[in-house]
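Trainee: sequence and computational prediction follow.
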Amino acid sequence: MQVNEIDIGRLQRLAAWRPQGTPVTSVYVDLDPTGFATAPARATQISSLLADAEHAAERLAAGHAGRASARRDVEALRAFFAGADFEPKGAHGLAVFCSTDAGLFEVLRLPEPVEPAAVVDERPWLEPLIGHERARRCLALVSRRTLRAFADDRDGPLLEQADLADDVHGRHDQGGWSQSRYQRGIEHEVDEHLKRCAEALLALLHRTRYDVLAIGATPELYGRVEAALDPRVRERLIGRFDVDVEQANADEAL
């Protein structure tokens, strides 16, 4: 019997997970029976993934509190995969999210194979799960003056369902006090634009009932977008991705 332990409630809870200063180690294991039917094959893959997780932990800044936390995550994962709780039967993939110091240890057995991966980040890495048929998706492409949002249609593929543009002035090089005042005015216009984006995404949530949200934006802008979101939208947010905000179509964004 094929196992599927993913549901919208679990996705939303993981997407909303924000441990303060404590990283999350996400591990995806491919259990496709055509390649990993035997215990030795699975063990080799898992050993490689845990080594990747260890290397990711060591890449955190020296003295960073998260480095020791991520090391403890690796040890907890190693104990899990060596113990009786690791049950691959009936699953074609496995996702494990571990943040030992923050009290997170979540295991999802999946009905389809996944690309093996180990990621240490500030929140659970959910990207491989987003294409799952039970999750309605919204991809919001946000710049300092535009918003384009793609969402799953009730009976079909991703469609562009929101599009707005605001008249935000560009930067200039006058210099001195006048430039500083001008720049503050521009940033206020950007904040007003992001407020409109947040309102549009809330309206889209009411209309399409999307379950997960990913935002295409620059790293500099992303935090401001997240801060502007209504809590009902923010709890569906899984993170940021790079994209040509004004030109990408739905397939390219996805």
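Mentor: All right, it came through fine.
Trainee: what's in contact with stretch 228-248?
Mentor: 12, 15-16, 123, 125-127, 130, 138, 141-143, 146, 148, 191, 194-195, 197-198, 201-202, 205, 210-217, 219, 222, 226, 252-253 (C-beta atoms under 8 Å, 6 or more residues apart in numbering). Just so you know, the C-beta spots here come from the backbone N, C-alpha and C atoms, and that holds for glycine as well.
Trainee: Val29 bridge partners, please.
Mentor: Leu94 (DSSP bridges).
Trainee: that one reaches Gly93, doesn't it?
Mentor: Yes: using C-beta atoms under 8 Å, Val29 is in contact with Gly93, at 6.8 Å.
Trainee: overlap in contacts of those two?
Mentor: Common neighbours of Val29 and Gly93, using C-beta under 8 Å, 6+ apart, are Val114.
Trainee: what subset of the contacts of stretch 228-248 is buried?
Mentor: Using 16 or more other C-beta atoms under 10 Å as the burial test, the contacts of stretch 228-248 include 12, 15, 123, 125-126, 130, 138, 141-143, 146, 148, 194, 197-198, 201, 205, 210-217, 222, 226, 253 as buried.
Trainee: mind checking which of the contacts of stretch 228-248 land in strands?
Mentor: Cys138, Leu141, Val142, Thr146, Arg148, Val212, Leu213, Ala214, Ile215, Gly216 (DSSP state E).
Trainee: dump these into JSON lines; add distance to Ile46 and pLDDT as well.
Mentor: Output for those, formatted as JSON lines (distance: C-beta to C-beta, whole Å; pLDDT from 0 to 100):
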{"residue": "Cys138", "distance to Ile46": "34", "pLDDT": "92"}
{"residue": "Leu141", "distance to Ile46": "37", "pLDDT": "97"}
{"residue": "Val142", "distance to Ile46": "38", "pLDDT": "96"}
{"residue": "Thr146", "distance to Ile46": "44", "pLDDT": "93"}
{"residue": "Arg148", "distance to Ile46": "40", "pLDDT": "95"}
{"residue": "Val212", "distance to Ile46": "27", "pLDDT": "87"}
{"residue": "Leu213", "distance to Ile46": "31", "pLDDT": "92"}
{"residue": "Ala214", "distance to Ile46": "28", "pLDDT": "93"}
{"residue": "Ile215", "distance to Ile46": "32", "pLDDT": "95"}
{"residue": "Gly216", "distance to Ile46": "33", "pLDDT": "96"}
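Trainee: tell me the two of these that are most distant?
Mentor: Greatest spatial distance in the ones in strands among the contacts of stretch 228-248: Thr146 and Val212, 21.9 Å, computed using C-beta to C-beta.
Trainee: shouldn't Leu158 be in contact with Ala250?
Mentor: Yes: in this structure, Leu158 is within contact of Ala250 by C-beta under 8 Å, at 4.2 Å.
Trainee: common neighbours of those two, please.
Mentor: Listed as contacting both Leu158 and Ala250 by C-beta under 8 Å, 6+ apart are Leu139, Phe150.
Trainee: more neighbours: which of these two?
Mentor: Leu158 (19 against 14; other C-beta atoms under 10 Å).
Trainee: which ones are touching that one?
Mentor: So Leu158 contacts Arg137, Leu139, Phe150, Ala151, Asp152, Ala250, Asp251, Ala253, Leu254 (C-beta under 8 Å, 6+ apart).
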